[in-house]
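> compute the structure for the input listed below.
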Amino acid sequence: MNFRIMAEDLAIDLGTSCIKVFKKNEGVVISEPSVLVLDHQNKEIKAIGQQAKEMIGKTPDEIIVQRPIEKGVISDFNLTEAMLNYFFQKINPGFSVVQPRVVVCVPSGITDIEQRAVEDASLHAGSRDVIMVDESLAACFGVGLTPEDPRGILTLNLGAGTSEICVISLNGIVASKTLKMGGDDIDKNIQNFLREKKKIEVGINTAELIKKELLSLRLKDKDIGMEVEGRDVKDAQPKRIKVTSEEIAPCISEFADSLIEMIYLVMEKTPPELSSDIKNDGFLMTGGMANVRGLREYIEKIINLKAKISDKPELDAIKGAGLIMENPDRFLKYQSR
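Just a heads-up that it's a prediction; the model follows:
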């Protein structure tokens, strides 16, 4: 058994679809699906992370696939604790006299009860101290912005379970709205489209692949296509069809329009002094759904503001949480201790 005096501090992004872990001096060391596979009595965990996700839609009745984090918050405390403990041991195997300090990203709309659940799960999984930071704020740190300054930053955090639109200044949320819609809902829209229009049923993993490979709001991408395999709705036989980007574009239209509406609502609540900053600086798009081709341009055109987006927006929050972990005083500058 490995033995050490002090375990390395960690930063964690507890996402609806993916859990990411940042280790001090090493960067992002884990990025795996937030999925567990259990037996039918929930007594034994069969798989966690990527291995568990690959089993979705393929398990017998006695095996259950669980996602303990829904819409950005913990839905099953015990399973979340087990998942955190698994990743903690993977990074810091063995026994440590001093357990790690952990920075955890949480949604801005989280309630006190949900916040307590995150803190308790992290402590029970083996951390000595927990610093919780708003995910959108962490993303600002992660892309190199300075959210501790008295300057407004409009942030669109587009995740799998929820989408948050907020204005940040002095390390705090000035105005925000949460849309209970994200990448998982787009996957379901794609499944429904294929079932109703193409008469083919596909699994959630296939729908996610279609989203990543085909989904686009750009006219130039409309003819891009891919072969999709599934089950015929009529006779339950294996079926293969071709799907194009133009055909599935409507699957994201409601989401895109809802984002625009939420942006206007947040801007109405934003103080004029910060609104002028946003007019000059534009807005930040972050989170996995920021990768959807054409979504950035669609929003820019309607709200008449320019977007800032990193090469890997899905990693912005965890990178920012890592920076906060290494320099917590910068984050806590305007926070109550």
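
> quick one, strands of the stretch 1-150 of the chain?
Ranges of strands in the stretch 1-150 of the chain, per DSSP state E, counting those that start in this stretch, are 3-6, 10-14, 18-23, 27-33, 36-39, 45-48, 63-66, 69-70, 73-74, 95-98, 101-106, 129-134.

> list the helices and strands the last one packs on?
Contacting strand 129-134 under the criterion 3 or more C-beta pairs under 8 Å, 6 or more residues apart in numbering; DSSP states H and E are the following elements: strand 101-106, helix 112-124, helix 316-326, helix 328-331. Placement of C-beta: from N, CA and C, glycine included.

> winner for burial among these?
helix 316-326 (a mean of 25; mean count of other C-beta atoms under 10 Å).

> for it, packing partners?
Using 3+ C-beta pairs under 8 Å, 6+ apart, helix 316-326 sits against strand 10-14, strand 18-23, strand 27-33, strand 101-106, strand 129-134, helix 135-142, helix 328-331.

> dump it to CSV, restricted to CA.
Extracted in CSV, the C-alpha atoms of helix 316-326 (Å, rounded to 0.1, in the frame of the first residue of the first chain):
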residue,chain,number,x,y,z
ASP,A,316,-12.5,26.0,-19.2
ALA,A,317,-14.2,25.4,-15.8
ILE,A,318,-11.8,22.7,-14.6
LYS,A,319,-8.8,24.7,-15.7
GLY,A,320,-10.1,27.7,-13.8
ALA,A,321,-10.8,25.5,-10.8
GLY,A,322,-7.2,24.3,-10.9
LEU,A,323,-6.0,27.9,-10.9
ILE,A,324,-8.2,28.7,-7.9
MET,A,325,-6.9,25.6,-6.1
GLU,A,326,-3.3,26.8,-6.6
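
> who's in contact with that helix?
Outside helix 316-326, the residues that touch it by C-beta atoms under 8 Å, 6 or more residues apart in numbering are 9-13, 20-22, 24, 27-28, 31, 101-105, 131, 133, 135-143, 157, 286-287, 310, 330-331.

> 7 Å instead, please
For helix 316-326, the external contacting residues (C-beta atoms under 7 Å, 6 or more residues apart in numbering) are 9, 11, 13, 20, 22, 24, 27-28, 103, 105, 133, 135, 138-143, 286, 310, 331.

> so for Ser245, which of the strands of the stretch 1-150 of the chain sits nearest?
When the strands of the stretch 1-150 of the chain are compared by C-beta to C-beta, strand 18-23 sits nearest Ser245, at 24.1 Å.

> alright, calling it a day.
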